[in-house]
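Visitor: Below is the structure, and that's it, no one-letter string:
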């Protein structure tokens, strides 16, 4: 869809474009892999922080992370295009939803990352995977 009223839904086929989606903090389904839950939990801590989302089509959008869902779809507010000269049709966009499957990288400020929390969660996940593997054997 094209930009309308300052909004853009990315993910629907756009000429050389991207995708994003709204997030409403739903409960995590049991079938969701544990590693996805780790990323989901991490991104939830970044709500209201400035992030740059680089898409697989090389478009980079910078904005305030409004929400993220269990599929790692992202909603950004106060969006700006990193390379506005290359994507002039997106300059008027202020809010967008990005489908998680089209995201290549999410760049965050180092001071917004709680490294100890991430390390603890990763260790806990590894221990749980080890216990589950031992139980199957």
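Guide: In hand now; what should we look at? What you are looking at is a predicted structure, and each value in this text was computed from that prediction instead of being measured.
Visitor: quick one: the helices in this protein?
Guide: Secondary structure of the chain (DSSP state H): helices at 34-44, 115-136.
Visitor: can you state the direction angle for the first one and helix 115-136?
Guide: Right, helix 34-44. 160 degrees (axes from the mean of the first three to the mean of the last three C-alpha atoms, to 10 degrees).
Visitor: For residue 65, give me its contacts.
Guide: 43, 46, 47, 48, 49, 50, 51, 74, 75, 76 (C-beta atoms under 8 Å, 6 or more residues apart in numbering). (Glycine included, C-beta is placed from N, CA and C.)
Visitor: The first one: what's it in contact with?
Guide: So that's residue 43. 65, 68, 72, 74, 106.
Visitor: rerun that using 7 Å as the cut-off
Guide: 68, 72 (C-beta atoms under 7 Å, 6 or more residues apart in numbering).
Visitor: where's it relative to residue 75, distance?
Guide: As judged by C-beta to C-beta, to the nearest Å, residue 43 and residue 75 stand 11 Å apart.
Visitor: about what we covered before: do you know which of the helices of the chain lies nearest residue 83?
Guide: Evaluated over the helices of the chain, closeness to residue 83 peaks at helix 34-44, with 23.8 Å, by C-beta to C-beta.
Visitor: on that earlier part again, give me whichever of the helices of the chain is most buried.
Guide: helix 34-44 (a mean of 15; mean count of other C-beta atoms under 10 Å).
Visitor: mind listing what residue 82 touches?
Guide: 52, 60, 62.
Visitor: distance of it from residue 112?
Guide: Distance, residue 82 to residue 112, by C-beta to C-beta: 18 Å.
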